[in-house]
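Asker: model this:
(one chain, ligands or ions: 4)
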Amino acid sequence: MKGNELRQAYLQFFESKGHLKLDTFSLIPENDPSLLLIGAGMAPLKPFFTGKLVPPCRRITTSQTCMRTGDLENVGRTARHHTFFEMLGNFSFGDYFKKEAIHWAWEFLTEVIKLDKNRLYVTVYPDDQEAYDTWHKECGVEESHISRLEDNFWEIGEGPCGPDSEIFFDQGPEHGCDDPNCAPGCDCDRYLEIWNLVFTQFNKMPDGSYEPLQHKNIDTGAGLERLASVLQGCRTNFETDLIYPIIEATAKRAGVTYNDNPNTDVSLKVIADHARAVTALISDGVLPSNEGRGYVLRRILRRAVRHGRLLGIEGIFLTPLVDVVVDILGPGIKSIAEKKDFVKRVVQNEEERFNQTLEQGLELLNSLIDTLAAEKATVVPGSEVFKLYDTYGFPWELTEEIASERGFTIDHEGFEAAMKEQRERAREARVKEDAKVATPDITFLKDEELIEDESVKASSVLMIGKG
Ligand code: ATP
Ligand code: MG
Ligand code: MG
Ligand code: MG
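Answerer: Ligands and ions are numbered 1, 2, ... in the order given. Take a look at the predicted model:
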């Protein structure tokens, strides 16, 4: 079953159970300052959960685009993590609860997409006997396939939360780790977490306390790419039809082969993930910048470009990957299908900009690290991290990543201090500008001063240079 068909099958199944299907919401949260980006299917539906808004139907199903920058380091290193992915979900707002949610999840997995029951495992919150009994006595899951885990409590920032129950697919011992206690919930790739059912019965308040919700809700999330990987018999999510064409296109461009060298594979996976993320973010209206969501985008985009370099690619390569991403996801995600040309222009602009300075920045960083290594130092000074940021457009996280590949850490405090100093200089420059406008008779003098002041020149170049 293809990824796009799987998304369809899920949504149709829950429509047949009385759910209203909604299009994916934007990755940019609406009226929710507690979140930078949407990271779960329930996030855009929060007002329906809290009762702030009345939902158009008490049962809703979506395939929600999600961004989790917290998983960035995992990308390419585990079989199952992306920064950008789609979360399939069915939601109940004070309508059905635990029993139905469990029964329908089981029905979908074992009857619609026909997964092997013997390879499915579930976990429940230790106190949640009702969930345990529903799995065991009603769905017939063997006791040896059910475990109680303290971790099974779900929350994201403020808002609805509660105990949960997770479903895992046993991919076999060859995907496992050396831990003799390896079981569902282990960090390795053997027991793949495919679906989380959250039985939402509390509301987390701004002060961190939990209040019982008036109406109990259901919030579930299943990773589309993970389910596709199981159905398509892939070793990792990256080999599914939702992602692999991007890897193929990149490998071809770089003249490398996938599955040949572990480092090459990490770069190919990172690029594939980031190409999807960048396309989705820009489609939803995020533009590269030095703060907030725009910084997330810039950081991911530049990280992808750098991995392109690691593969030996010269010149623009990320921009044409947008076409590949849109070919794959466009049929299922309207916002992505509609914005292709715009997305490509934004990516190309940012890619060109970064290409201009990447080489020089890398050279500088590498020779700096050589010098530091000769001096037996292990920390890259904050002033150097700042210089790379300011002059070469290196997000500090990128510098940190490159440094750590060579066994170095970076001086965060020193970097912060340099940033603060620069902001201070920029502020002073603005004050001078204001004074210039307010007192036209001394304009000439102030202009001279501005030109004399190197720091102001540097910061105005910076502002032009980095949108
Ligand atoms: P994991 O333990 O594997 O990191 P999670 O417990 O953090 O997953 P949830 O927050 O429960 O994940 O999200 C619901 C579902 O979304 C997961 O069961 C999984 O199928 C999918 N999912 C979560 N994070 C990712 C990710 N980074 N990439 C791809 N799919 C994901
Ligand atoms: Mg996780
Ligand atoms: Mg988990
Ligand atoms: Mg989970």
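
Asker: and residue 232, how far is that from residue 325?
Answerer: 18 Å (CB to CB, to the nearest Å). For glycine as for every other residue, the C-beta is placed from the backbone atoms N, C-alpha and C.

Asker: neighbour-wise, which of these two wins?
Answerer: More crowded of residue 232 and residue 325, by other CB atoms under 10 Å: residue 325, with 26 against 17.

Asker: Ramachandran angles for the nearest residue to residue 309 once chain neighbours are set aside?
Answerer: The shortest distance from residue 309 to any non-neighbouring residue, by CB to CB, 6 or more residues apart in numbering, is to residue 358 (6.5 Å). Dihedral angles of residue 358 (phi, psi; degrees, to the nearest 10) stand at phi -60, psi -50.

Asker: from here on, count from 495
Answerer: Understood, numbering begins at 495; the last thing we discussed is residue 852.

Asker: Could I get the pLDDT score of the residue nearest to residue 729 when sequence neighbours are not counted?
Answerer: Spatial nearest neighbour of residue 729, excluding adjacent residues (CB to CB, 6+ apart): residue 573 at 6.6 Å. If you check residue 573, the pLDDT there is 92.

Asker: you'd agree the residue nearest to residue 803 is up against residue 801?
Answerer: No. Taking contacts as CB atoms under 8 Å, residue 852 lies outside contact range of residue 801: 11.3 Å.

Asker: Mind checking which of these two has more residues around it?
Answerer: Using other CB under 10 Å, the more surrounded residue of residue 852 and residue 801 is residue 801, with 24 against 20.

Asker: Kindly confirm my reading that the more buried one is in a strand.
Answerer: No. Using DSSP: H, G, I helix; E, B strand; the rest coil, the assignment for residue 801 is helix, not a strand.

Asker: Now do the same contact list for it.
Answerer: By CB atoms under 8 Å, 6 or more residues apart in numbering, the contact set of residue 801 is 761, 764, 765, 768.

Asker: Recalculate using a threshold of 10 Å.
Answerer: 570, 744, 748, 758, 760-768, 807, 812 (CB atoms under 10 Å, 6 or more residues apart in numbering).

Asker: Considering these, which is situated nearest to ligand 1?
Answerer: residue 767 (8.8 Å; CB to the nearest ligand atom).

Asker: doesn't residue 732 make contact with that closest one?
Answerer: Yes. Counting by CB atoms under 10 Å, residue 732 is a contact partner of residue 767 at 7.9 Å.

Asker: more crowded one of the two?
Answerer: Ranked by neighbour count (other CB under 10 Å), residue 767 and residue 732 place residue 767 first, with 30 against 25.

Asker: tell me which parts of this structure are close to ligand 1?
Answerer: Residues of the chain lying near ligand 1 by CB under 6 Å from any ligand atom: 562, 565, 574-576, 579, 581, 687-690, 715-717, 719-720.

Asker: top of those residues by neighbour count?
Answerer: Result: residue 576 is most packed of the residues of the chain next to ligand 1 (other CB under 10 Å), 28 neighbours.

Asker: Relative to residue 867, how far out is that residue?
Answerer: Residue 576 sits 34 Å away from residue 867, taking CB to CB as the criterion.

Asker: same thing with residue 521?
Answerer: The value you get for residue 521 to residue 867, if CB to CB is used, is 40 Å.

Asker: what do you get for residue 829?
Answerer: As for residue 829, its distance to residue 867 is 47 Å (criterion: CB to CB).

Asker: Compare these two and say which is more crowded by neighbours.
Answerer: Legend: neighbour count by other CB under 10 Å for residue 829 and residue 867, higher for residue 829 (18 against 13).

Asker: so what's the backbone phi/psi at the nearest residue to that one once chain neighbours are set aside?
Answerer: Closest residue to residue 829 apart from its sequence neighbours, by CB to CB, 6+ apart: residue 777 at 4.9 Å. Phi and psi for residue 777, reported as degrees, to the nearest 10, are phi -60, psi -30.

Asker: Tell me which helix or strand comes right after the helix or strand where residue 597 lies.
Answerer: Using DSSP states H and E, residue 597 sits in helix 592-601. For helix 592-601, the following helix or strand on the C-terminal side (DSSP H and E) is strand 614-618.

Asker: what's the next helix or strand after that next one in contact with?
Answerer: Remark: after strand 614-618, the chain's next helix or strand is helix 623-627, criterion DSSP H and E. Contacts with helix 623-627, where a contact means CB under 10 Å, 6+ apart, come from 591-593, 595-596, 616-620, 633, 635, 637, 640-642, 646, 657-659, 691, 693.

Asker: Give the buried residues for the strand or helix carrying residue 919.
Answerer: Assigned by DSSP H and E, residue 919 belongs to helix 906-932. By neighbour count on 16 or more other CB atoms under 10 Å, the buried set for helix 906-932 is 908, 909, 912, 913, 916, 919, 920, 923, 930.

Asker: List the contacts of whichever residue of the stretch 795-944 of the chain sits closest to ligand 1.
Answerer: Minimum separation of the stretch 795-944 of the chain from ligand 1 (CB to the nearest ligand atom) falls at residue 823, amounting to 14.4 Å. By CB under 10 Å, 6+ apart, the contact set of residue 823 is 497-498, 501, 559, 578, 580, 736, 770, 773-774, 777, 829-831.

Asker: Show me the protein divided up by domain.
Answerer: 497-725, 737-904, 907-959 (automatic domain parsing).

Asker: And the residue in the chain that ligand 1 sits nearest to, how far from residue 587?
Answerer: Going by CB to the nearest ligand atom, ligand 1 is nearest to residue 717 of the chain, at 2.6 Å. Going from residue 717 to residue 587 by CB to CB gives 23 Å.
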